[in-house]
Structure formats: C-alpha cells, structure tokens
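Asker: build the 3D model from these lines:
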Amino acid sequence: MSLVSIKKLALVMILGAFAISCGKDELVSPRHETLVALYSGRGAADEGMTAAQKMFEWMGYEVTRISPSQINTGGLGGFDLICFPGGDMYCYSQDITAAGKLEIRRFVSGGGGYIGICGGAYFAAHTVYWQGAQLNMTPLALFSGKAIGPIDEIRGYSSYVMCQLDIVAQAHPITTDEDSCMSVLYWGGPYLLPDAGSEAVVICDYHTTGNHAMVAFEYGEGRVFLTGAHPEFEEDSDRDGVALCDTLDDKGSEWPFMKRATRWCLGEASLSKSISP
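Answerer: Model prediction:
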C-alpha cells in the first residue's frame, strides 16, 4: 500500500471515529428542558399570565409566551405543554382560527399537555355558558362537556374572593398528599359539567355549590387539566409577581398541587410525594 493510500485510510478512520463520537454525544445528551407555551394573545389577563409564568418557572420549566398567529401557523412544535391562562375565552375563540384550534388538538393528541385556567378552562370545553346563556363561539372542544359560569353563589364575575375546594379524587396522582380541601382564589371561573360517557376525572368540587371545579383527562396520547379557580396566584406572597389579592388569606400555597397537575399532564410516570411549597 502506498504512503498516499495509508494517509487516506487514516483520515477516513479518524473522520469515522469523530462521527461515531458525535453520534454518541447526541444520544446521551438529548434536549431535557421542559418547554411551556403560555398563551399571551388578546383577552389574556396580564396578572394571570405573570402569575402562571412565575409558577411554571418555579417548577423549573422554561416558559415562552406565544401569540395566536404562532398557533395558527403551526408554531407549537418543540413545546411540551400549552397553558391558556385566565382571561376572555371569547377573544381566544375569535383570534385562534379553525386551523389553530386543530393545531392545538393535534398537539395534545400527539402527546402534549394542556392546562386551562378559568378562561382557558372555558375555552377548552365543547359548550360554553356565560350568565345563563350559551355563547355564540367556537371553543376548542378538548373537554367533552360544558363550562358554565360565573358562579354567583360564590361571587359575581366583577370581583374575586377565596373559595374552598373539596378534593374528590383522593387517589389521583394530582392529589397526592393533599388535604381534603384547599383554599383557592375564585374570579369568574366556570364549573365543569362532563357529558354522559365522558372519561374526565373530577379532581375538586366547589364547596359552596358542589359543582365540579377541576377535571383531568387523557386526550389521545396527551393529557388535559382544567380549573375554574385560580391556583396560580399566591395571595400571601409576592413570588407570583402580582400584587393582586395579596391582602387575602391564602391558607397555604397551591403551587405544589399545580406542579403535580403539570407533571401529570406531561406524562411523568413517577410523581414525587414531597414537592416543596
């Protein structure tokens, strides 16, 4: 074999080893951070967005605020979970096109997570009622059921108050280590009424009315958690970045509860029983 041939063979061997090494590095070091898409379009309440972002960041997740145009043009690729915060569900429905709604449903059915808080819970339902009348809107229809509000027996929609939620699904991973009830902010949110045959699991009921406040269910390969109340706010702490409701008595943080709900939506098999507040 000539000297030139030997040099060529050595170069091929070196390049091959380098390629194998790079391939191994890619296998052992995949992307590991969890990416949360937080809806920030028209109608999304500033306080709710801020508190939700602080909450997800406290959980250790990376948060990106996304617009309706991003969703409408197929921009959910790479995210693990989408959250619709409290706000105007009618605006959500108007600004997210039929293609955008299909994009969200495909995202969740393909293994993504969805968390809907108040307005985000209304938006996720098949049918939406507001002040006794069905709204003329096209909701997302992830939840086979109705979202009905506001609940005047708790408080009219123009103001907020702390309310008691009773834990119903004691054995569900989301409710691990929870007491039988918790105090959560109510601010115009719905109660959630599953249709006959729905596989949604009722997580909590409003103590005042007995109606369902939180539900969780699988949607294709993905998972959905909806809450009519506002567990993202920390009423006696400034770590949510919001001064709203700081004079109210929180009676303990709901963020550990929401971390279990988020991890369940992400399909994490092992849920820690000791999530620090």
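Asker: for the rest of this, base every contact and every neighbour count on C-alpha atoms.
Answerer: Will do.
Asker: could you check how far the most centrally placed residue in the chain is from residue 54?
Answerer: Centroid check for the chain by CA atoms, centre = their mean gives residue 115 as the closest residue, at 2.2 Å. Distance, residue 115 to residue 54, using CA to CA, to the nearest Å: 15 Å.
Asker: A strand includes the residue nearest to the centre of the chain, no?
Answerer: Yes. Judged by DSSP: H, G, I helix; E, B strand; the rest coil, residue 115 forms part of a strand.
Asker: contacting residues for it?
Answerer: For residue 115, the residues meeting the contact criterion (CA atoms under 8 Å, 6 or more residues apart in numbering) are 81-84, 121, 224-226, 262, 265.
Asker: quick check: the gap between it and residue 39.
Answerer: Applying CA to CA to residue 115 and residue 39 gives a distance of 11 Å.
Asker: who touches both of the two?
Answerer: Common neighbours of residue 115 and residue 39, counting by CA under 8 Å, 6+ apart, are 82-84.
Asker: and the strands in the stretch 51-200 of the chain?
Answerer: Assigned by DSSP state E, counting those that start in this stretch, the stretch 51-200 of the chain shows strands spanning 62-66, 81-84, 113-117, 125-130, 133-134, 143-149, 161-167, 181-186, 191-194.
Asker: closest to residue 201 out of the ones you listed?
Answerer: For those, the distance to residue 201 is smallest for strand 191-194, at 9.1 Å, taking CA to CA.
Asker: and the next helix or strand past the closest one?
Answerer: Proceeding N to C from strand 191-194, the next assigned helix or strand is strand 201-206, under DSSP states H and E.
Asker: just so I know, which of the strands of the stretch 51-200 of the chain lies nearest residue 233?
Answerer: Taking CA to CA, strand 181-186 is the member of those nearest to residue 233, at 7.4 Å.
Asker: return the set of buried residues in that closest one.
Answerer: 182-186 (16 or more other CA atoms under 10 Å).
Asker: and that strand, what other elements does it pack with?
Answerer: Packing partners of strand 181-186 (3 or more CA pairs under 8 Å, 6 or more residues apart in numbering; DSSP states H and E): strand 161-167.
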